[in-house]
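> I would like the atomic coordinates for the input below:
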Amino acid sequence: MAGAGGVSRKAGRMRKAGIILFWAIVSFCVILLITLPINLQTQLIASLVVVTSMAVIKILRAEGKWRLIALAFGTAVVLRYVYWRTTSTLPPVNQLENFIPGFLLYLAEMYSVMMLALSLFVVAMPLPPRPSRAATEDNFPFVDVFVPTYNEEAGLLANTLAAAKGMDYPADKVTVWLLDDGGTLQKRTSTNLLEDQAAKVRYEELQSLCLDLGVNYLTRDRNEHAKAGNLNNGMKHSIGELIAVFDADHAPARDFLLETVGYFEDDPKLFLVQTPHFFLNPDPVERNLRTFERMPSENEMFYGIIQRGLDKWNASFFCGSAAVLRRQALDQTGGFSGLSITEDCETAIQLHANGWNSVYVDKPLIAGLQPATFASFIGQRSRWAQGMMQIMRFRFPLLKRGLSLPQRLCYMSSILFWLFPFPRAIFLFAPLCYLFLDLQIFTASGGEFLAYTLAYMLVNLMMQNYLYGAFRWPWISELYEYVQTVHLLPAVVSAIINPRKPSFKVTAKDESILVSRLSEISRPFFVIFGVLLLAFVVTIYRVYAEPYKADVTLVVGGWNLLNLVLAGCALGVVSERGERTATRRVKVSRRCEFGLDGQWYPATIDNVSVHGARVNVYAKNIPKLALDTRGEIRFKPHSGDGHEEILPVAIRNSEVAGDIVTLGCRYLPEVARHHSLVADLIFANSKQWTDFQLSRRGNPGLLRGTIWFFGLALYQTSRGLAYLFKGTGSRPEIAKEGAKT
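Okay, the predicted model is just below:
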């Protein structure tokens, strides 16, 4: 036996040595390839061959190994560009006026290459979506459901709590907790009279709501350590083996626990099952550009691809909500981490470092709300960015003991991403150094730019399309990064310099915009657009005034033109569209009956929102309906004993088309069960969210996607300028959700 073991160990060492030798040979060949001295014409031909090969593989929809081959071709072009850029294009060190901005541009490009490399590592071959894993019926673990809240209104909380109570799970094995940080003793005894009175009213209102819904209400003495402290306080008062966490505006589908808790049976070292965040409403970019129904949301790239890539390396992390965690693991590390303002990712790092595992389930099982205004959107992203900078300073995953090498790289990829405001700002203003100041920060001819830089940019776009095509259309990432950069840059700098300064701020998500207006933080975008437009005029002038520099001027001018297109599209982003309805409606098709003055009519619920529903009623002789006429919807809830139940509504509008009367209705919940019925209408069926996501996913391709984006940018530029000249932004009018339906 000992001899057999020795042979096995020897074979293992030989196999490892063979793998090392193989990669050493491959690395040597790659280095030889990227450093091979060739003339400009050969470089151009090689670039065209690679681009054509990648395009053919993409057109043929080849996957598996062919996908890796295409990415390998692209990587070769990228590395070739890096070598040329490093050895041939930097300005002389003794010309500081050229070298300093030139070197900053070089660093920005190397950051982009590094992030591309990390992206390839994470998502080149992500895990396929995991199959459903239901828990064994006789082995359901006890679950505590935590809904932390700070300043959210009772109506919003009622929907989330009712949905949590309505989950399909043994009632004696699940306890729902409302963890209220807005009604703490500290606030109820504040020296600020307004804060004191508001906290007391909230405390009594939410206690009454929780009593009606059968939910445990819990607050604490002091607001310490923000959300992490609130969750840890919940742990002190609960005993469940598992803890499900939902943000105040994240309502679960009825199958949430059935789809998640089963994984904990398979792995005793599993600390986390994370699911994606699905949103009922568009973010401000989608809403103002009107792309919500047509194009995948920004968060889908993270939840649809990146989290599956992280899951492959056991590095999928806690995202603050829509997750189930094991209490035993949290107890081992002292609960939820509160050193940074992104307690979710920080907690996951600590638990992964302690040898615990995570799982990502790629199925939307909750529905939430995104910030409605551009200012709130930027506030949310600033908190995320600053929190990641805190983690980089305090935890630094690359050197974190206990993490595997892939986990370190995965966490660094997620953290370093938030440094994008630095390179994005450099890419924005670098062309101006030449156009306005005649600085030579990139020493290359027009031909060299065509053979190297243009090929690199094209290949980079194609690789991004390979990795994220169905989840992120061309140029959309660049747009999102640009609109965030303007305001995130100072926030990131502040967090790096003083990582203890940022404090947790709750993102306002219960707002709606009543009238069209310019965002209150839109001014810098118009200033930047004006500067870039002036640079475009300077480009035209210099082409005619300095024809001997025309090739370089055209190249730099083209770069500035791309920036101008992005900046123009951003004008549409900060031009906030007014909305007639407070929340996005979700399409459904559900049979019901509509009651009016004791008479019941056959009907179908056509769409629903958190405040109301649209009902198609078959009624030939229905009487004339006045505004706010009271009616009733009778239907069978998904959860329950199969009996029909009644939800009171008020009629807000009506439209007659033949024998069908379409009614816009506002819910009138009067008792706790009515909130449960509203939650059943909106949140019970998770399949409708999956279907909606799939309906938006489609890869338009690089060429068609680019044409579409440029057309979008042209229209949004004109719309933004129209808002500016009409003075639409003079008085912001924002209302809380519930003001309209």
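> contacts and neighbour counts: CA atoms only from here.
OK.
> OK, contacts around Leu399?
By C-alpha atoms under 8 Å, 6 or more residues apart in numbering, the contact set of Leu399 is Arg408.
> let's go with 10 Å and repeat that
With contact set as C-alpha atoms under 10 Å, 6 or more residues apart in numbering, Leu399 has these partners: Leu405, Arg408.
> how close does it get to Asn498?
21 Å (C-alpha to C-alpha, to the nearest Å).
> next one: Ala55
From Ala55 to Asn498 the distance is 46 Å (C-alpha to C-alpha).
> what of Met125?
38 Å.
> between Ala55 and Asn498, tell me which one has more neighbours.
Ala55 (17 against 13; other C-alpha atoms under 10 Å).
> secondary structure element for that one?
Ala55 is part of helix 40-59 when elements are defined by DSSP states H and E.
> ok, how many other residues are close to Leu450?
Other residues within reach of Leu450, judged by other C-alpha under 10 Å, total 17.
> now for the residue nearest to it when sequence neighbours are not counted, how many residues are close by?
Distances taken as C-alpha to C-alpha, 6 or more residues apart in numbering place Leu44 nearest to Leu450, at 7.7 Å, with adjacent residues excluded. Leu44 has 17 neighbouring residues, counting by other C-alpha under 10 Å.
> what residues are up against Leu44?
Gly447, Glu448, Leu450, Ala451, Tyr452, Leu454, Ala455.
> Cys345 too?
By C-alpha under 10 Å, 6+ apart, Cys345 lies in contact with 316-320, 336-337, 387-388, 391, 411, 414-415.
> so it: helix, strand or coil?
Classification of Cys345 by DSSP: H, G, I helix; E, B strand; the rest coil places it in helix.
> any idea how far it lies from Ala315?
Counting by C-alpha to C-alpha, the gap from Cys345 to Ala315 is 10 Å.
> rewinding a little: can you tell me which of the contacts of Cys345 are in helices?
Counting by DSSP state H, the part of the contacts of Cys345 found in helices is Gly387, Met388, Ile391, Tyr411, Ser414, Ile415.
> among those, which one lies nearest to Thr604?
Ser414 (45.0 Å; C-alpha to C-alpha).
> so what's the closest one scoring on pLDDT?
pLDDT for Ser414: 95.
> run a quick neighbour tally on it.
Using other C-alpha under 10 Å: Ser414 sits among 16 other residues.
> list the residues that contact it.
Contacts of Ser414 (C-alpha under 10 Å, 6+ apart): Met115, Leu118, Ser119, Ile306, Leu310, Cys345, Met388.
> how many residues are close by the second one?
Counted with other C-alpha under 10 Å, the burial measure for Leu118 works out to 19 neighbours.
> quick check: closest non-adjacent residue to it.
Nearest non-adjacent residue to Leu118 (C-alpha to C-alpha, 6+ apart): Ser413, at 5.9 Å.
> spatially central residue for this structure, please.
With distances taken as C-alpha atoms, centre = their mean, Asn299 lies nearest the centre of the chain, 2.7 Å away.
> name the element that one belongs to?
helix 298-301.
> contacting residues around that helix?
Against helix 298-301 from outside (C-alpha under 10 Å, 6+ apart): 276-279, 282-283, 285-286, 292, 305-307, 467-473, 476-477, 480, 693, 697.
> just the mean pLDDT for it, thanks.
Mean predicted confidence for helix 298-301 is 90.
> okay, buried residues for it please.
Glu298, Asn299, Glu300, Met301 (16 or more other C-alpha atoms under 10 Å).
> any chance of these in JSON lines, plus distance to Leu489?
What follows is these, written out as JSON lines (distance: C-alpha to C-alpha, whole Å):
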{"residue": "Glu298", "distance to Leu489": "20"}
{"residue": "Asn299", "distance to Leu489": "21"}
{"residue": "Glu300", "distance to Leu489": "24"}
{"residue": "Met301", "distance to Leu489": "23"}
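> returning to what we had before: if I look at the residue nearest to Leu118, how far off is Ala251?
Between Ser413 and Ala251 the computed distance is 30 Å (C-alpha to C-alpha).
> Asp180 is in contact with Arg202, correct?
Yes - using C-alpha atoms under 10 Å, Arg202 is in contact with Asp180, at 9.3 Å.
> overlap in contacts, the two.
Joint contacts of Arg202 and Asp180 (C-alpha under 10 Å, 6+ apart) are Asn151, Glu152.
> those two: which is more packed in?
Asp180 (26 against 20).
> how about that one, phi and psi?
phi -100, psi 110 (degrees, to the nearest 10).
> what's the answer for the one 4 residues further on, then?
Backbone torsions of Thr184, given as degrees, to the nearest 10, read phi -70, psi 160.
> who's more crowded, Ser413 and Ala251?
Ala251 (29 against 20).
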